[in-house]
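>>> Model the structure of this input:
(one chain, ligands or ions: 1)
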Amino acid sequence: MAHDIAVIPGDGIGREVVSEAFPLVRDVAEARGTTLAPTEFDWGSERYLEEGEMMPEDGLDRLEAYDSILLGAVGHPDVPDHVTLHGLRLPITKGFDQHVCRRPSYLFEGVDSPLRGYDAGEIDFVVYRQNTEGEYAHVGGREHEGSDNEVAVQSAVFTREATERLVRPAFEAAAAREGKLTNVTKSNAQAYGMVFWDDVVEEVSADYPGVEVERLLVDAASMDFVRRPEEFDVIAASNLFGDVLTDLGAIISGSIGLAPSANVDPTGTYPSMFEPVHGSAFDITGDGVANPLATVLSCSMMLRNLGEEDVADALREGVAAQLADESAPRTPDIGGEGTTEEVVSDLRTRLLG
Ligand code: ATP
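Below you'll find the model as predicted:
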């Protein structure tokens, strides 16, 4: 099969990991009879600094025809973070109804967790994060700016439709995995949105009698990600809580440089977008040491979503084999001295000979 892929390398290390990882992914796919036809879009903060916008006004129209989108990262020291987020990533996730964000955390063999005593595979869960509304709904305002009476209001918006469309796939995933769903909210403090969310979870749970439901407040969940990560299977969380918990999930499974993510429209009406969890990381940009494996694993999720299971499996198995091999190059975030290029080149040899 052939698939058209929109590639947006973005900013900082996003450009470095995508320029190394994607050509490898394309070649691995080609060797298995799958053609990935990329079109690169030079959108991001450099464009914003020159032209005042991260992507063109008709950006979504230009992306819509693609089968998938690969995003590196966005963020720049000279551009406020809310500008980069609202200028590119959020318009795409909202515009293309990518209401499910899937972020797996998995401890691979050969990778050290900062939590001691965990063997490979013992940390293995996936966060289902609501991706289009909640605390990131962009509803609010500021009044009396600069005065002593200044007030800023930021509303979180939870609709039945969007909440259910996150919760149901999370239950489906739990039913197909270990049969456990942890529902993370803050319903003791946020009595409207979060209690409503709990109600939706309870309603949907009636359709999944085989799935055990655990309820946790986000503060307790943060503690338990560190105290007993092995007990989690599927976690359902709002946009903000999912965002925060998945950085924690990334670090306990070794590094944010290993954490992939998928922003999915499960109906397939629009293209889904795949990206590493990490940001543009300007502290290491230009050093050539960014870990490219989160991007390779994100591409594996992309290929699985496109129905190319064997390419997806090959990429994931290649990463697992490399991490398990003590003599293989690895980047400094996981204790090595290797470069982005060396890691990808080693993977190339493993996967393509
Ligand atoms: P954001 O864009 O979310 O504000 P950021 O660009 O500041 O984030 P993060 O992605 O949150 O950075 O990562 C935090 C730190 O982790 C980075 O500053 C960097 O040192 C390290 N890091 C992130 N990604 C990688 C990677 N792929 N390889 C190695 N180290 C990484």
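>>> CA atoms for contacts and neighbours, from now on please.
Noted.
>>> The closest residue to Q322 other than its chain neighbours and W43, how far apart?
In this structure, Q322 finds its nearest non-sequential neighbour in A328, 6.1 Å apart by Cα to Cα, 6 or more residues apart in numbering. Taking Cα to Cα, to the nearest Å as the measure, A328 falls 34 Å from W43.
>>> For these two, work out which one has more neighbours and name it.
W43 (21 against 15; other Cα atoms under 10 Å).
>>> so the more buried one sits right up against M55, yeah?
Yes: look at W43 against M55 with Cα atoms under 8 Å: they come within range, at 5.2 Å.
>>> Can you list the buried residues in the helix or strand bottoming out on mean pLDDT in the chain?
Ranking every helix and strand in the chain by mean pLDDT, DSSP states H and E puts helix 81-84 at the bottom, with a mean of 89. By 16 or more other Cα atoms under 10 Å, the buried positions in helix 81-84 come out as T84.
>>> got a list of contacts for it?
For helix 81-84, contacts defined as Cα atoms under 8 Å, 6 or more residues apart in numbering pick out 44-45, 54, 74-76.
>>> Please apply the same query to stretch 191-206.
By Cα under 8 Å, 6+ apart, stretch 191-206 touches 156-158, 160, 163-164, 167-168, 171, 183, 185-187, 211, 213.
>>> did I read that right, R316 in a helix?
Yes: R316 forms part of a helix when assessed by DSSP: H, G, I helix; E, B strand; the rest coil.
>>> Now the residue most central in space within the chain. Nearest residue, chain neighbours left out?
Most central residue of the chain, judged by C-alpha distance to the mean C-alpha position with Cα atoms, centre = their mean, is S261 at 2.6 Å. Closest residue in space to S261, ignoring its immediate chain neighbours: R103 at 4.7 Å, by Cα to Cα, 6+ apart.
>>> In the host helix or strand of the one you found, which residues are buried?
Taking DSSP states H and E as the criterion, R103 maps to strand 100-106. Applying a neighbour-count criterion of 16+ other Cα under 10 Å, the buried positions in strand 100-106 are 100-106.
>>> For the stretch 1-150 of the chain, what lies in contact range of the ligand?
G75 (Cα under 6 Å from any ligand atom).
>>> Recalculate using a threshold of 8 Å.
Residues of the stretch 1-150 of the chain found near the ligand (Cα under 8 Å from any ligand atom) are 12-13, 17, 73-76, 81.
>>> For those residues, which single residue is the most surrounded?
I13 (29 neighbours).
>>> wait, what's in contact with the residue in the stretch 101-250 of the chain that the ligand sits nearest to?
Going by Cα to the nearest ligand atom, the ligand is nearest to D247 of the stretch 101-250 of the chain, at 7.7 Å. For D247, the contacting residues are 256, 277, by Cα under 8 Å, 6+ apart.
>>> Tell me the gap between the strand or helix carrying it and the middle of its chain.
Assigning secondary structure by DSSP H and E places D247 in helix 239-252. What separates the centre of helix 239-252 from the centre of its chain is 10 Å, taken as Cα atoms, centre = their mean, to the nearest Å.
>>> would you put the C-alpha positions of that helix in PDB?
Output in PDB follows, covering the C-alpha atoms of helix 239-252 (Å, rounded to 0.1, in the frame of the first residue of the first chain):
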ATOM      1  CA  ASN A 239      -6.400  17.100  28.500                       C
ATOM      2  CA  LEU A 240      -4.400  18.800  31.300                       C
ATOM      3  CA  PHE A 241      -4.100  15.800  33.600                       C
ATOM      4  CA  GLY A 242      -3.200  13.500  30.700                       C
ATOM      5  CA  ASP A 243      -0.500  16.000  29.600                       C
ATOM      6  CA  VAL A 244       1.100  16.100  33.100                       C
ATOM      7  CA  LEU A 245       0.800  12.400  33.800                       C
ATOM      8  CA  THR A 246       2.400  11.400  30.500                       C
ATOM      9  CA  ASP A 247       5.600  13.300  31.200                       C
ATOM     10  CA  LEU A 248       5.800  11.400  34.500                       C
ATOM     11  CA  GLY A 249       5.000   8.100  32.600                       C
ATOM     12  CA  ALA A 250       7.800   8.900  30.200                       C
ATOM     13  CA  ILE A 251      10.500   9.500  32.800                       C
ATOM     14  CA  ILE A 252       9.600   6.400  34.900                       C
END
